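Asks: Fold the following and give me the result.
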Amino acid sequence: MNNIEPVSQTKLFGLDKYMNELIQLNQEDNFPKKLLISGYKGIGKSTLAYHYINYALSKDQNFHYDKKNFEINPENHTYKITLNRTNPNLNTIDLNQDRKKIDINQIRTMIHNLSRSSFNNKPRFILIDNIEFLNINSVNALLKIIEEPPENTFFILINNNKNILATLKSRCVNY
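Replies: The predicted structure is shown next:
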């Protein structure tokens, strides 16, 4: 059976226009530090984010991101370490299966990881999926780090067209 999780999708379908926009922002050094991607659940927001992150982190690698076909090569190093959740330049946060909200401890762990220096000069990405499940304490902890993100760190927040706190929404570029 095929894995349909966004992290494992090597081909991007129907979002070419948006991927090209993100690539252009990157090439112009204008990619926002805080990007909020909103839309209905299941349309490919997280898959788009993973594809962009692969593009940004694999530029100098063998089997880098294929911009023409919007495809990740399964032999790509960034893809492999992202898939097994050991990519030092990507921190993902999502709703845990046994929880109803994204816990403040998940945010604290992310902040602690950001305090460590990077061993390479590549950008760091924080991908938070299902941000509508952040509890008030998690949002408050997140706001502090989002207001002044560390150097070369980018936040991509995924919202499934649900209400989120205006204070969080106001600090991001809405996409």
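
Asks: rest of the way, CA atoms for contacts and neighbours
Replies: Fine.

Asks: For the lengthiest strand in the chain, name the packing helices and strands.
Replies: Ranked by residue count and defined by DSSP state E, the top strand of the chain is strand 153-159. Packing partners of strand 153-159 (3 or more Cα pairs under 8 Å, 6 or more residues apart in numbering; DSSP states H and E): strand 34-38, helix 45-57, strand 124-128.

Asks: swap the cut-off to 7 Å and go again
Replies: strand 34-38, strand 124-128 (3 or more Cα pairs under 7 Å, 6 or more residues apart in numbering; DSSP states H and E).

Asks: What part of this structure, helix or strand, is modelled with the least confidence?
Replies: The helix or strand of the chain with the poorest confidence is helix 166-169; it has a mean of 77 (mean pLDDT, DSSP states H and E).

Asks: how about that one: buried residues?
Replies: For helix 166-169, a neighbour-count test (16 or more other Cα atoms under 10 Å) marks 168-169 as buried.

Asks: and after that helix, which helix or strand comes next?
Replies: Note on helix 166-169: by DSSP states H and E, the next helix or strand toward the C-terminus is strand 173-174.

Asks: same question for that next one, mean pLDDT?
Replies: Taken as a whole, strand 173-174 carries a mean pLDDT of 80.

Asks: Repeat that for stretch 98-112.
Replies: The average pLDDT for stretch 98-112 rounds to 90.

Asks: Could you do stretch 74-89 as well?
Replies: Across stretch 74-89, pLDDT averages out at 94.

Asks: Can you give me the first-to-last residue distance of that stretch?
Replies: The first residue of stretch 74-89 is 18 Å away from its last residue (Cα to Cα, to the nearest Å).

Asks: what sits opposite the residue sitting nearest the centre point of the chain in the beta ladder?
Replies: For the chain, L127 is the residue whose C-alpha lies nearest the centre (Cα atoms, centre = their mean; 2.9 Å). L127 has these beta-bridge partners by DSSP bridges: T92, I156.
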